[in-house]
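Peer 1: Coordinates only, no sequence provided:
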């Protein structure tokens, strides 16, 4: 090749190289940078093709750009992309015809751009991690109660480093305690606890973190968790346990990520308090703190295990769900602590009457569930009946509750653990439907008959409800001043019921009772209801029949409890109310709620016979009659609602309504 040709060729290379260097300096997308560099390298060298690969986070090489195919006798030209002694990738050229030096200049520029992009990425990741860490610390500070805070620690740890699962393994590495986890199957918690007692044990004892791969044959690998990071929680004197995060990639967490987890663990310890955290963790893991039975989280895992075991061994299995009837009323009238005392007493009563192989669990606020291995339906029924008949809390505890029990068996009729649980709960519902204080053994044919009967009754009850609601509205429409009375009573009664802690379904039943509480007035003459003057004794006697009339009108099965509350919403704790003259707790709690809500609307709203009074005056009158005319607990709930601004002067009530 002549000198002139060589000079032209060098000029072309120099120009192409200058263009490539400028383009690379202004590009921030990694794939685009690699594609630009490869195009320039092929053009400069006249090569058949080439490839750019970059080092990835896992220590391997990833292809970022490729063009053409290797051909010819000449081997590939491979140039490492190196800055500060660190290999960031390789530039590979196939069949280059030009000298190598220009190619090395391009490779050096590409390496520098890759280093800049890597640094920018690291800074961005660090900023993101710092932002997530600050958010995690704020989340921990605001998390209450302790149980919620523990789960928040796990969620924030998992989110902080992009983990698949997170767990808090209590105790020391050589003596692990209960494990609380997120994103981890309960069966794998023991595997994780065992790993914490291995390689991480020594650094944890020194207060340091550890990061590394999960052993190849460990079940955690099969679940997609290939690496783990472990940091200590608590100071050396009060070590709570270890915070573990499992990640899908095989590479261990980087040092800065591990240090971030260590900082999070320190903040968690400070925010929660080591002593309080340790006290709560065992209960959160598997045990209900009130009854010392296993909790609902443990129950479903254990039930599935017992069903599998029964199938393998050809055994039977039964499930017994014990519902405490009347506990919602106890909770509303006497408080949460008294209701928990009743459940604790039931658990203590049940323990010596169960077999050593039976598994007791607390599955609801008012429910205890027992898994009965190797027990057929009749045997389980007899166990349930002994418990129901023998438990008499009235004498020992001073409040009235009874037990309804649902029993179902496996594998017939329940063919899966989910079906078994559903059938047992259905049996409990049927027991309560029949008046409670009884045991119901699930039978498919009987259940189908009951469900069909329920369906017919629901249709009839819905029709009845529509009719009664229309009648109640008609009663209110008899005079302009009472047009919204039933709706007001329903709204306030539901608010009071919720304030007292009644379950959501019960609150809605109270709301319905409020809408229908005066439906019996349809049987009272309009002249009597709209008269502005005083009533005679005979007229008062007629008016006081409306609760009984309403009771008879609400005769549908689904109205059974509602009609009782409607009947007694004019009773008084001192026994001077009507129609039955009930006293104190003999009056249903829901009826006592209706009485207060009814009185409030009657006092603050105008009536044909007088003008309403301000809310403050009505509240003063109701509070003054607390304990005699109105239930004290219900009045206190009303006053709390008003104090919080949830009930205001909206034209709601005066003295006891007619």
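Peer 2: Thanks, I have the structure now. Just so it is clear, the model here is predicted, and its values are computed rather than measured.
Peer 1: Which helix or which strand is home to the residue nearest to residue 209 when sequence neighbours are not counted?
Peer 2: Nearest non-adjacent residue to residue 209, counting by C-beta to C-beta, 6 or more residues apart in numbering: residue 231, 4.1 Å away. From N, CA and C alone the C-beta is placed, and that goes for glycine too. Secondary structure from DSSP states H and E places residue 231 in strand 227-233.
Peer 1: Find out how far that strand is from the centre of the chain, if you would.
Peer 2: Between the centre of strand 227-233 and the centre of its chain there are 26 Å (C-alpha atoms, centre = their mean, to the nearest Å).
Peer 1: And it, what does it pack against?
Peer 2: helix 186-196, helix 201-205, strand 210-213, strand 241-247, helix 255-272 (3 or more C-beta pairs under 8 Å, 6 or more residues apart in numbering; DSSP states H and E).
Peer 1: which regions of the stretch 401-550 of the chain lie under the pLDDT threshold?
Peer 2: Scanning the stretch 401-550 of the chain with the threshold set as pLDDT under 70 gives 445-483, 523-533.
Peer 1: show me where it has strands.
Peer 2: 402-410, 439-441 (DSSP state E, counting those that start in this stretch).
Peer 1: For residue 344, find the nearest of those.
Peer 2: Across those, residue 344 has its closest neighbour in strand 402-410 (14.6 Å, C-beta to C-beta).
Peer 1: before we move on, the earlier item: identify, out of the helices and strands packed on strand 227-233, the most deeply packed stretch.
Peer 2: strand 241-247 (a mean of 27; mean count of other C-beta atoms under 10 Å).
Peer 1: Quick check: residue 62 is in a helix.
Peer 2: No - Residue 62: not assigned to a helix; according to DSSP: H, G, I helix; E, B strand; the rest coil it is strand.
Peer 1: Return the per-residue confidence for it.
Peer 2: Looking at residue 62, its pLDDT is 84.
Peer 1: What distance do you get for the closest residue to it other than its chain neighbours to residue 29?
Peer 2: Residue nearest to residue 62 in three dimensions, not counting chain neighbours: residue 56, with 4.6 Å by C-beta to C-beta, 6+ apart. Applying C-beta to C-beta, to the nearest Å, the value for residue 56 to residue 29 is 16 Å.
Peer 1: Repeat that for residue 227.
Peer 2: The separation that residue 227 has from residue 29, given C-beta to C-beta, amounts to 29 Å.
Peer 1: who has more neighbours, these two?
Peer 2: residue 227 (21 against 10; other C-beta atoms under 10 Å).
Peer 1: thought the more buried one was touching residue 253?
Peer 2: Yes - at 7.3 Å, residue 227 counts as touching residue 253 under the criterion of C-beta atoms under 8 Å.
Peer 1: Where does pLDDT dip in the stretch 551-658 of the chain?
Peer 2: 555-558, 606-611, 649-658.
Peer 1: if we can go back for a sec, let me know the pLDDT of the residue nearest to residue 209.
Peer 2: At residue 231, pLDDT is 90.
Peer 1: Which residue ranges make up the domains of the protein?
Peer 2: Domain ranges of the chain: 3-123, 143-285, 296-441, 458-643, per automatic domain parsing.
Peer 1: pretty sure residue 401 is touching residue 322, no?
Peer 2: No - look at residue 401 against residue 322 with C-beta under 8 Å: they stay out of range, at 11.3 Å.
Peer 1: Contacts for stretch 40-52 next, please.
Peer 2: 13, 16-17, 19-20, 23, 34-35, 37-38, 63-72, 76-77, 89-98, 102-103, 106-107, 110 (C-beta atoms under 8 Å, 6 or more residues apart in numbering).
Peer 1: Would you mind listing which of these are buried?
Peer 2: 13, 16-17, 20, 23, 34-35, 37-38, 64-65, 67, 70, 76-77, 89-96, 98, 102-103, 106-107, 110 (16 or more other C-beta atoms under 10 Å).
Peer 1: For the residue nearest to residue 62, give its distance to residue 88.
Peer 2: Distance, residue 56 to residue 88, by C-beta to C-beta: 11 Å.
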